[in-house]
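>>> how does the following fold in three dimensions:
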Amino acid sequence: MRSIWNGAISFGLVSIPIKLVNATESHSISFRQIHTEDGGRIRYRKVCELEDREVSQAEIGKGYEDADGTVIPITDEDLAHLPIPTARTIEIVAFVPGDRIDPLQMDAAYYLQAGGAPAAKPYTLLREALKRSQKVAIAKYALRGRERLGMLRVVGDAIAMHGLLWPDEVRDPQGVAPDTNVTVRDQELDLADALMDTLGEVDLEDLHDEYREAVEEVIAAKAAGETPPAAPEPVAGGKVLDLMAALEKSVRAAKESRGEEAEVAHLSSRATPKQTGGKKSASTAKKTAAKKTAASGSARKSTAKTAKSSQAAKKTAATKSTAKKSSATAKKTATKKTAARKRTA
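Reported below is the predicted structural model:
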């Protein structure tokens, strides 16, 4: 990879020669501007306003326009000798936990490549120190005519640096959120939880730029004199005005796409109370369902026991009744026999 900046990392009194290389690359398809009538290229020419002629890149320099319109020439040599320590140095100023960095501040990413064999030892020392501390280094450096803020962290066996915006370059989100009072019901949060669980996680390596692929197909078709592929018809869907219905429909569609049974109707009828400002987790819902199932099972067992007891009572009553009848019959028989003996005598 070609370096875009050469300098050193200042780590206390330790200096680590490094080369700065881009850590990312763009795969976007670029287009040329053309004249639609004949296909001719449209080019921009750099013209000097005073001489009214086109000038080459070698004749072009930098200048700062003052408030009164005066242009002050600034040369590369002027910028190379700025009286700041970060002119050719990435100066580490602090080490902080990674979660202290607001993602809104994240900018371009670079790899810091060790500048030769003498830099291998201090480079490795800094890398291992970052690993063991589980922190990131905050640094200041100058690049492309301005001083910047950076964050150094370990990526594999290399040290990467993310350019950071200065805190005053991040806008305040005031006025972005809705300014109306909205109440979110527990059932809606339950369905949102269910939708999040159904969608699950994704391996970022599986994601790709479908727009770029579609543009490449159009370019290939037109280059071959063929008709570009037509866009698929959008799926006709009714306009869902009810948030609960939209959530249920989303959960059902997500489950069907995964080949799961789309049973979501019971989610909208949950009545378990939820703490203010919190979300009921899926595990809580499972526990509640388990309790209901257990209670239902206990009720069924109790009913069965009652039925068995009733049957046993009936059988006992029947047995007693039979015994009483048998006793009465025996008494009558004994009485008849006694009477017969008396007559015979």
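
>>> just confirm residue 130 is within a helix.
Yes. Checked against DSSP: H, G, I helix; E, B strand; the rest coil, residue 130 lies within a helix.

>>> so where's the stretch 1-150 of the chain uncertain?
85-87 (pLDDT under 70).

>>> can you give me the helices for it?
76-80, 120-133 (DSSP state H, counting those that start in this stretch).

>>> tabulate those helices (CSV), appending distance to residue 9 and mean neighbour count.
In this view, the C-beta of every residue, glycine as well, is placed from N, C-alpha and C. Formatted as CSV, the helices of the stretch 1-150 of the chain follow (distance: least, C-beta to C-beta, whole Å; neighbours: other C-beta atoms under 10 Å):
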stretch, distance to residue 9, mean neighbour count
helix 76-80, 19, 10
helix 120-133, 7, 14
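
>>> would you reformat those helices as CSV and include distance to residue 58?
Converted to CSV, the helices of the stretch 1-150 of the chain look like this (distance: least, C-beta to C-beta, whole Å):
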stretch, distance to residue 58
helix 76-80, 13
helix 120-133, 37
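
>>> can you give me the strands in the stretch 101-250 of the chain?
106-114, 135-143, 146-155, 158-164 (DSSP state E, counting those that start in this stretch).

>>> what's the second one packed up against?
Pointing back at strand 135-143 there. In this structure, strand 135-143 packs against strand 3-11, strand 89-97, helix 120-133, strand 146-155, strand 158-164, with contacts taken as 3 or more C-beta pairs under 8 Å, 6 or more residues apart in numbering; DSSP states H and E.

>>> kindly report the same for the last one.
Other helices and strands packing on strand 158-164, by 3+ C-beta pairs under 8 Å, 6+ apart, are strand 106-114, helix 120-133, strand 135-143, strand 146-155.

>>> how about the nearest residue in space to residue 35 that is not next to it in sequence, what does it touch?
Nearest non-adjacent residue to residue 35, counting by C-beta to C-beta, 6 or more residues apart in numbering: residue 42, 6.1 Å away. Residue 42 makes contact with 32, 33, 34, 35, according to C-beta atoms under 8 Å, 6 or more residues apart in numbering.

>>> now residue 2
Residue 2 touches residue 21, counting by C-beta under 8 Å, 6+ apart.

>>> ramachandran angles for it?
Backbone torsions for residue 2, taken as degrees, to the nearest 10, come to phi -80, psi 130.

>>> the nearest residue to residue 222 once chain neighbours are set aside: neighbour count?
The shortest distance from residue 222 to any non-neighbouring residue, by C-beta to C-beta, 6+ apart, is to residue 228 (6.2 Å). Close neighbours of residue 228, defined as other C-beta atoms under 10 Å, add up to 13.
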